[in-house]
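Undergrad: For reference, the sequence and a predicted model appear below.
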Amino acid sequence: MPKLLDQLTVAELAAALDAGEDLTVIDTRPPESFEAWHVPGAINVPYHPVEGLGANLGWDDVDDIVDGKRVATICGKGLSSTSFGIELSTRGYDDVQVVKGGMEDWSKLYDVVEVETDGDLFVAQIQRRAKGCLGYVVGDERAGEALVVDPTRQHHEFELVAADNGLVITGVLDTHVHADHVSGGRALAERLSVPYYLSADADERGVAFEYEPIADGDTLSVGDIDLTVLAAPGHTTELVNLLVDGTYLLSADTLFVESVGRTELEFGEGGAERGARLLYETLHERYGSLSEDVVVLPGHVSVDADGRFGVGAPGKLISATLGELRSQLDLLVLDEPAFVERLTGDSNEKPPNYRLVIDVNRGRLELDESEATEVELGPNNCAA
């Protein structure tokens, strides 16, 4: 009789992978699901609780893969991976664990990185590891106040960061109508009875709820810390950035450390050129007066199908100075025609279910927890 399998949380799995432990991760989902998105370094061994091994694999192949190593099995929600783990145990494998909650829980794993700042300014980057979403808590430690920027659906992660640092959240802001993940902004603002900020231009997106409108040049204050609103159209028409204390640029989906925001998710393939021209203007004219020393804190980092960050690593700050990006990012040295041609050419695969996600974030569609989890699965794909 097989022994009861040990469970491994996604946080424990992440820690083991980050530490380079000798761990073989076996993903039992169908090949198409695995190829779209998986844990870094995972090996696909399709398995069905009734039908058994798939993809023309035999147990000799499994023996070669495991080769006496510690094994962690994972699937979508922990069902087929548990059956597979039990089968391994029945066949005499001793060191087998199943990842609790599977890829569903992996999609909700967060890392928090505090930015080294001066004075009373507090800035934390909250990283959603599997999707590459980057949100922020910006606060004044002396005043004990904070603004949350671009919180994801698991907004309690942002509340915990504020609470752990003695900050009371006084406002919540979404930089734009997101296409890759369900925003937690409105839900957090409503729960805390604080203002929810969104660009005044969001009305043009057909937003169906009330919000506190902000516009280019407005200033939001958190204690004695000023956050200047910069209109930054391109990725979307209503997108805004925040310049924090004149030093940190929360660039959202305008400018990433490794790329710029794609322009066809709102505008469509036919209107992508208009979006590209707007984005070029934002990057070269609206950003033109900003110092080379301004630190860019983006809204995303690219995550590939292998689950790896395009730059940096989970738990490490994703940032660069504006000067570094101007000299190193080839998209920023192109003239306007070349820039537009690059952005309107062959694009990356679009975020899964992005039209549904946009409708949810416009307040035009409601999803329950299970449905929201399903539409969010997969990396963000918001970069050009």
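TA: That came through fine.
Undergrad: And the longest helix along the chain, what does it pack against?
TA: As assigned by DSSP state H, the longest helix anywhere in the chain is helix 264-281. With contacts taken as 3 or more C-beta pairs under 8 Å, 6 or more residues apart in numbering; DSSP states H and E, helix 264-281 sits against helix 336-343, helix 354-361. C-beta: built from backbone N, CA, C; applies to glycine.
Undergrad: out of the ones you listed, which comes closest to residue 192?
TA: helix 354-361 (19.1 Å; C-beta to C-beta).
Undergrad: Give me the pLDDT value at the most centrally placed residue in the chain.
TA: The residue lying closest to the centre of the chain (C-alpha atoms, centre = their mean) is residue 133, at 1.6 Å. What the model reports as pLDDT for residue 133 is 95.
Undergrad: Give me the distance between it and residue 368.
TA: From residue 133 across to residue 368, the span is 21 Å (C-beta to C-beta, to the nearest Å).
Undergrad: next one: residue 257
TA: 35 Å.
Undergrad: if we can go back for a sec, which other residues reach the longest helix of the chain?
TA: 177, 179, 205, 233-237, 254, 260-261, 263, 336, 339-340, 343-344, 347, 350-351, 354, 358, 382 (C-beta atoms under 8 Å, 6 or more residues apart in numbering).
Undergrad: Could you pull up the residues touching the nearest residue to residue 8 once chain neighbours are set aside?
TA: Take residue 8 and drop its neighbours on the chain: the residue closest to it by C-beta to C-beta, 6 or more residues apart in numbering is residue 97, 4.3 Å away. Residue 97 makes contact with 5-8, 70-73, 85 under the criterion C-beta under 8 Å, 6+ apart.
Undergrad: most neighbours, which of those residues?
TA: When neighbours are counted by other C-beta atoms under 10 Å, residue 73 leads the contacts of residue 97 with 29 neighbours.
Undergrad: picking up where we left off before, report the secondary structure state of the residue nearest to residue 8.
TA: Here residue 97 is recorded as strand under DSSP: H, G, I helix; E, B strand; the rest coil.
Undergrad: same deal with residue 204?
TA: Once three-state DSSP is applied, residue 204 turns out helix.
Undergrad: Not counting residues beside it along the chain, what's closest to it?
TA: Nearest to residue 204 is residue 237, by C-beta to C-beta, 6+ apart, at 6.0 Å.
Undergrad: The one you found is in contact with residue 200, isn't it?
TA: No. Contact criterion C-beta atoms under 8 Å: residue 237 and residue 200 do not qualify, at 11.2 Å.
Undergrad: quick revisit: what's around the residue nearest to residue 204, how many residues?
TA: So residue 237, with other C-beta under 10 Å, has 19 neighbours.
Undergrad: Retrieve the pLDDT associated with it.
TA: We have a pLDDT of 95 for residue 237.
Undergrad: Equivalent analysis for residue 76, please.
TA: 93.
Undergrad: Report the contact partners of it.
TA: Neighbour list for residue 76: 29, 33, 102-104 [criterion: C-beta under 8 Å, 6+ apart].
Undergrad: cool, and residue 217?
TA: When contacts are counted by C-beta under 8 Å, 6+ apart, residue 217 touches 228-229.
Undergrad: quick one: it from residue 230, how far?
TA: In terms of C-beta to C-beta, residue 217 sits 8 Å off from residue 230.
Undergrad: Kindly report the same for residue 134.
TA: Note on residue 134: its distance to residue 230, by C-beta to C-beta, is 18 Å.
Undergrad: between those two, who's got more neighbours?
TA: Of the pair residue 134 and residue 230, residue 134 is the one with more neighbours under other C-beta under 10 Å, namely 27 against 23.
Undergrad: How is that one assigned, secondary-structure-wise?
TA: In three-state terms, and counting by three-state DSSP, residue 134 is strand.
Undergrad: Wait, it touches residue 316, no?
TA: No. Residue 134 is beyond contact range of residue 316, at 11.9 Å (criterion: C-beta under 8 Å).
Undergrad: Poorly predicted segments of the stretch 201-350 of the chain, please.
TA: For the stretch 201-350 of the chain, the stretches with pLDDT under 70 are 347-348.
Undergrad: Next, please give the residue ranges for the strands of it.
TA: Under the criterion DSSP state E, counting those that start in this stretch, the stretch 201-350 of the chain contains strands at 212-214, 219-222, 225-231, 240-244, 248-252, 295-298, 320-321.
Undergrad: Can you check which of these gets nearest to residue 112?
TA: Comparing those by C-beta to C-beta, strand 295-298 comes nearest, at 13.6 Å.
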